[in-house]
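**Q** Dropping a prediction and its sequence here:
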Amino acid sequence: MNGSPISRRRRLVAPLAATLLLVGLWELFTRSGTVDPLLIAGPVDVARAFAEEGDLLLRHTLVTGREALLGLALAIVFGALAGLVLHLSPFLRDATLPILIGTQAVPLVVIAPLLVIALGYGIGAKLVIVALACFFPVAVGTFDGLRSSDSELIKLMRSLGAQRVRTLTLVEAPGALPRFLGGVRIAATWAFISAVFAEYAGSTEGLGYLIARGTPMFETARVSAAVLILAAASLLLWSLVSLAERRLIPWLRHEQSL
């Protein structure tokens, strides 16, 4: 069974062992003399950057974290509302769904500078950029989840004379939770990345600012430390959403363990 002690131990040990292996290979590669230390910093140098510049990294991490979390929250709210509207209104679905899909062909790196120019260098532009990046998977997850509701249960509710709102809240919304949270989980991996893109476009603080400023100045260890923080933050956010998914839809976990 998936919940056995051996299985849980394997899920903990396997990623730790893989991480240690990658760090070891990384250190060996940087010490092999085949690459300039100014271009790639080794794990020891990155650890030294954490120790010597921890306060600086923490301050900029908090800035990027605030942008990522608030932007993701906006994406969840408006993405869920958009998915609901697309589900409830066939006219709006036919009119806007192709446009919504088409917008995903526009790279974020193209529109980010334009939004910064239009909205300024404050947090507002960053929140819009993060929300736009995370909006689509939430909206599609909500829409697909509502569409995949159990048709037999919906027919039963209708036969019992239930109103549309009651059917939505008792059958369709709970049934949509797995796909909705799956969309949120995908969006969570984009939150910090899009926040960095927003800071690249124009900012005086944040991890994106540190990376953009440090790269041409060959502050390789600091830049690598900032990148590792971004990776860890994205993994943490993804894990929190996965934990929320297990708490909110325990029946799905039970079905998967059978």
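**A** Yep, it's here.
**Q** Pull the distance from the host helix or strand of Ala131 to the chain's centre.
**A** Taking DSSP states H and E as the criterion, Ala131 maps to helix 123-147. In terms of Cα atoms, centre = their mean, to the nearest Å, the centre of helix 123-147 is found 10 Å from the chain centre.
**Q** heads up, I number from 28, so please use that
**A** In the new count, where the first residue is 28, that last one comes out as helix 150-174.
**Q** pLDDT on the helix or strand harbouring Ala107, on average?
**A** Under the criterion of DSSP H and E, Ala107 resides in helix 81-115. Taken as a whole, helix 81-115 has a mean pLDDT of 93.
**Q** now the angle between helix 150-174 and it, please.
**A** Helix 81-115 runs at 40 degrees relative to helix 150-174, counting by axes from the mean of the first three to the mean of the last three Cα atoms, to 10 degrees.
**Q** For the residue nearest the centre of the chain, which non-adjacent residue is spatially closest?
**A** The chain has Ala215 as the residue nearest its centroid, 1.7 Å off, counting by Cα atoms, centre = their mean. Closest residue to Ala215 apart from its sequence neighbours, by Cβ to Cβ, 6 or more residues apart in numbering: Leu264 at 4.3 Å. Yep, even glycine has a C-beta here, placed from its N, CA and C like the rest.
**Q** Quick one: residues contacting the one you found.
**A** For Leu264, the contact set (Cβ atoms under 8 Å, 6 or more residues apart in numbering) comprises 95-96, 99, 215-216, 218-219.
**Q** Show the pLDDT at the closest residue to Ala139 other than its chain neighbours.
**A** What sits nearest to Ala139 in space, not counting adjacent residues and going by Cβ to Cβ, 6+ apart, is Ala228, at 4.1 Å. Here, the pLDDT recorded for Ala228 equals 80.
**Q** Now for Ala228: which residues touch it?
**A** Ala228 neighbours (Cβ under 8 Å, 6+ apart): 139-140, 142-143, 152, 156.
**Q** could you point out which element follows the helix holding Ala158?
**A** Helix 150-174 is succeeded, C-terminally, by helix 178-186 (DSSP H and E).
**Q** Can you identify the element that follows that next one toward the C-terminus?
**A** helix 191-194.
**Q** before we move on, back to that, by contact count, what packs against the helix holding Ala107?
**A** Helix 81-115 is packed against helix 117-129, helix 150-174, helix 200-228, helix 234-241, helix 247-275, with contacts defined by 3 or more Cβ pairs under 8 Å, 6 or more residues apart in numbering; DSSP states H and E.
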